[in-house]
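1. Here is my input, please return the structure:
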Amino acid sequence: MDYGEEDMDYDELVQDPEADIAHNEYLDGIRVSVAGRVRFQKIYVRALNGKKSTTTFNPEDDAPPRDRTLSILPTTEEKEGRPNTTQFLVVGLVLASDPFKYSTKFSGKSRNKEKERARKSRGVLSVEANVLRAMVPVTEDISRASIKYYVACHPVMNLCSMRVITRDAIFFFSEIWTGISTKVDIKQRRTAIGSACKRHAATIKPPPERVRIAIIKSTDLTASNTLAVTREANAANVLLMQYSLWELTKDPKALEALEKTAKNILPDLANRPSSEGTLAFYNFESALEKADAKNLIKDVKVSYPNICSLDADLIVKLHAAIRKVDIGHDLPYQSLTLFLELAHDRSTARWEVERLELVVLKILHDIKIVNKIPFVYPVSTVSEEQDKSQALVPFITSVRQALCEIKDFLSAQATALRDQHGGVQRHLSIEDLMVKIGNCVDKTALMALEEQVFAIHAEQLATGNSQGAGYISELVGFIDAALGRKQGSVAVSKE
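-> Numbers count the residues shown, from 1 in each chain. This is a model prediction of the structure:
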C-alpha cells in the first residue's frame with residue numbers, strides 16, 4: 001500500500017468498488033466494495049441545538065442487529081439536512097458488533113508480537129456486512145483543536161444519531177490516506193490522519209503558498225541593505241529595546257508591550273519544550289503511551305527535583321481526560337509542572353478518566369487565574385535610575401544606527417522592486433491594461449504587458465515599504481532629540 005500525493009477530487013464516485021480498500025492506523029486493510037460510494041461524502045446527523053453527543057459507542061446498545069444492518073450510502077435526508085441536524089464528513093468504517101476486534105492498542109511496553117504476525121498473514125480483510133460510518137464534524141476553517149471521531153447509528157426517519165468512537169476502531173477510506181506515507185511510525189501516522197480529516201472537513205481551505213520571487217541584491221554600495229538576522233536574534237533585539245525603554249521610563253505601558261512581544265513572537269523559544277516526553281504529552285492528536293509518560297517524569301525531575309512523586313499511569317489518564325474534553329490548548333507549556341503537582345495532589349491513578357475530567361477542568365481554571373497575577377518588579381532608587389540611564393546612552397545610539405540600517409534596507413528593497421520589472425508605464429486604468437493584454441497577438445508585446453502587471457504590484461509593495469521607512473525616520477528623530485537632551489544635562493552636571 002502506497003498512497004501518493006494527488007489532486008483532491010471531492011464528491012467523486014468511486015469507480016472500482018472492488019478495489020476500494022480502507023485501512024486502520026496500523027495498516028490493516030478491509031474491503032469496502034460498495035457501489036455508489038462517493039469520496040468525501042458529507043451527511044447530516046441529528047444534533048439537538050447543534051450539540052454533539054459525548055456518549056461513547058457501546059456495541060451492546062448501539063450496534064444494529066445483524067439482520068438489520070445499515071447502508072453506508074446516504075439517504076436523501078442525510079444529504080439535504082433537516083432541523084436539529086449538523087453536518088459531518090464520513091472518513092471511514094467501524095465494525096459495528098466488535099469495533100475493537102483489530103484495535104491497535106496493546107498493553108505493556110512492547111506490542112503483541114502474535115497479533116503482529118497474524119496481521120501480516122491474514123492480508124486484506126473480507127467485506128463486513130455490519131459496519132457503521134465513522135465521521136468528523138464539518139467546520140468552516142481547519143480546526144486547531146484536537147479532533148474527535150463519531151459513529152453514525154440509531155437511524156430514525158432516515159437520520160442517524162451520533163456516538164463518540166476512538167480512532168483505533170476506524171478503518172479510514174483511501175481518500176483520507178492520500179499524501180500520508182505508510183513508512184513513518186504509528187505516532188506520525190496518527191497525527192497525519194487527524195490533520196487530513198480536519199483539512200478535508202473544512203469548507204474553507206487555505207490556498208497553496210505563493211511562489212516567492214527572489215530580489216537581486218542592489219549593486220549600489222552607498223546604501224546598506226544587509227539585513228540578515230535570524231528570527232530569534234531579531235526577536236531578542238526587540239525584547240532588549242523594549243526592556244531598555246521600560247528601564248528608562250518605568251511606564252507600565254512599556255512593560256505591557258514587552259510582555260505582549262514575549263507572548264506573540266517568542267512563545268516557542270520562551271516556553272516550548274524540546275524533550276521527547278514533554279512533546280509527546282502535548283500531542284493531543286493521539287493517546288499518550290506509558291513509555292512517553294515515564295520520559296515526561298524524567299524531564300520534569302531534571303528541572304524540578306523537589307516535585308512530588310509522579311505516577312506514569314495517572315499521567316496517561318490525565319492526558320486522556322484532557323483529550324476527551326478537548327482543552328489541551330488551555331495548558332501553557334510553562335504551567336505543566338504546576339498542573340502535574342496539582343493533579344497528583346487531587347487525584348489518583350485508580351480513578352476513571354470520566355472522574356478525572358472534572359479534576360482537569362478545575363486545575364486548568366486555577367492555572368488560568370494564577371497566570372493572570374502580574375509579577376511585581378522591585379523598584380530601584382533614584383541614584384540607580386540615573387546610573388542606568390547613563391549606561392544606556394551607548395545602547396540607544398546603537399539602536400539608532402540599527403534603525404538607520406533598516407531604513408536603508410527598506411529603501412534599497414523598494415528600488416530593487418521597482419527596477420525588477422522596469423517601472424510602471426502610463427495606463428488609463430488597470431482595466432485598460434487588461435484590455436491591451438486581451439487584444440495582444442504578439443508574444444513579445446504580451447510579455448511586456450504582463451511585466452506591467454507585475455510592475456504595478458511591485459509599486460504597491462514599494463509604496464508600502466516607504467511608509468515604514470518614513471516611520472523609522474520619525475523614530476530616529478525622537479532618539480536624536482532624547483540623546484541631545486541627555487547630553488545637555490550631562491554637560492551641565494559636569495560644570
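2. contacts, neighbours, all on C-alpha from now
-> OK.
3. roughly how far apart are Thr261 and Gln467?
-> Distance check for Thr261 against Gln467: by CA to CA, to the nearest Å, it reads 22 Å.
4. These two: who's more crowded?
-> Under the neighbour definition other CA atoms under 10 Å, Thr261 and Gln467 were set side by side, and Thr261 has more, 17 against 12.
5. Quick check: which element contains the more buried one?
-> With the criterion set as DSSP states H and E, the secondary-structure element containing Thr261 is helix 252-265.
6. Next, the buried residues of that helix.
-> Of the residues in helix 252-265, those scored as buried under the neighbour-count criterion (16 or more other CA atoms under 10 Å) are 254-255, 258, 261-262, 265.
7. Next, find the distance separating Val127 from Glu175.
-> The span separating Val127 from Glu175 equals 18 Å under the rule CA to CA.
8. who's more crowded, those two?
-> Glu175 (21 against 14).
9. so that one touches Arg37, yeah?
-> No: counting by CA atoms under 8 Å, no contact exists between Glu175 and Arg37, whose distance comes to 11.9 Å.
10. can you list the domain ranges for this protein.
-> If the domains of the chain are taken from automatic domain parsing, they occupy 17-201, 271-372, 380-494, with pieces of a single domain joined by a plus sign.
11. what's the span of the longest one, first residue to last?
-> Between the opening and closing residues of domain 17-201 there is a gap of 23 Å (CA to CA).
12. any idea of the mean pLDDT in it?
-> Mean pLDDT, taken over the full extent of domain 17-201, equals 88.
13. shouldn't Asp62 be in contact with Cys153?
-> Yes: A contact is recorded between Asp62 and Cys153 when judged using CA under 8 Å, the distance being 6.6 Å.
14. Between the two, which is the more surrounded one?
-> Per other CA under 10 Å, whichever of Asp62 and Cys153 has more neighbours is Cys153, with 22 against 18.
15. Put together JSON lines for the domains of the chain, with distance to Leu239 on each row.
-> As requested, those are exported to JSON lines (distance: least, CA to CA, whole Å):
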{"stretch": "domain 17-201", "distance to Leu239": "28"}
{"stretch": "domain 271-372", "distance to Leu239": "15"}
{"stretch": "domain 380-494", "distance to Leu239": "12"}
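16. so which of these gets nearest Leu240?
-> In terms of CA to CA, the element of the domains of the chain nearest to Leu240 is domain 380-494, at 9.9 Å.
17. which residues of the stretch 51-200 of the chain fall in helices?
-> Ranges of helices within the stretch 51-200 of the chain are 59-62, 76-80, 113-122, 174-177, 186-201, based on DSSP state H, counting those that start in this stretch.
18. Any chance of those helices in CSV with distance to Lys301 as columns?
-> Formatted as CSV, those follow (distance: least, CA to CA, whole Å):
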stretch, distance to Lys301
helix 59-62, 42
helix 76-80, 53
helix 113-122, 33
helix 174-177, 39
helix 186-201, 25
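19. chain center to stretch 239-247: distance?
-> The chain centroid and the centroid of stretch 239-247 are separated by 31 Å, computed with CA atoms, centre = their mean, to the nearest Å.
20. make that stretch 290-305, sorry
-> If you compare the mean C-alpha spot of stretch 290-305 with that of the full chain, they lie 25 Å apart, counting by CA atoms, centre = their mean.
21. average pLDDT across that stretch?
-> 87.
22. just stretch 444-452 next, same as before
-> Here the average pLDDT along stretch 444-452 is 75.
23. For that stretch, buried residues please.
-> Of the residues in stretch 444-452, 446, 449, 451-452 count as buried by neighbour count, 16+ other CA under 10 Å.
24. Of these, just say which sits nearest to Ile193.
-> Taking CA to CA as the measure, Glu451 is the one of the buried residues of stretch 444-452 closest to Ile193, at 42.5 Å.
25. Can you say which helix or strand has that closest one in it?
-> Here Glu451, judged by DSSP H and E, is contained in helix 443-494.
26. okay, now the residue nearest to Thr69 when sequence neighbours are not counted: neighbour count?
-> Here the nearest residue to Thr69 in space, its sequence neighbours aside, is Asn130; by CA to CA, 6 or more residues apart in numbering that works out to 5.3 Å. Asn130: 21 surrounding residues under other CA under 10 Å.
27. Contacts only, for Asn130.
-> The contact partners of Asn130, by CA atoms under 8 Å, 6 or more residues apart in numbering, come to 64, 66, 69-70, 95-97.
28. try 7 Å
-> Contact partners of Asn130, counting by CA atoms under 7 Å, 6 or more residues apart in numbering, are 66, 69, 95-96.
29. Just the buried ones out of those residues, please.
-> Listed as buried from these are 95-96; burial here means 16+ other CA under 10 Å.
30. Next step: the contacts of Asn130 restricted to strands.
-> Counting by DSSP state E, those place Leu95 in strands.
31. Could I get the contacts of Asn130 in a markdown table, plus columns for distance to Leu288?
-> What follows is the contacts of Asn130, written out as a markdown table (distance: CA to CA, whole Å):
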| residue | distance to Leu288 |
| --- | --- |
| Arg66 | 35 |
| Thr69 | 34 |
| Leu95 | 24 |
| Ala96 | 26 |
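32. can you give me the offset of the helix holding Thr261 from its chain's centre?
-> Using CA atoms, centre = their mean, the distance between the centre of helix 252-265 and that of its chain works out at 23 Å.
33. What of stretch 339-356?
-> Here the centre of mass of C-alpha atoms in stretch 339-356, compared against the chain's by CA atoms, centre = their mean, lies 28 Å away.
34. What of stretch 413-423?
-> The chain centroid and the centroid of stretch 413-423 are separated by 36 Å, computed with CA atoms, centre = their mean.
35. what about the stretch 351-495 of the chain, any weak spots by pLDDT?
-> Counting by pLDDT under 70, the stretch 351-495 of the chain has low-confidence residues at 374-392, 421-428, 441, 465, 482-495.
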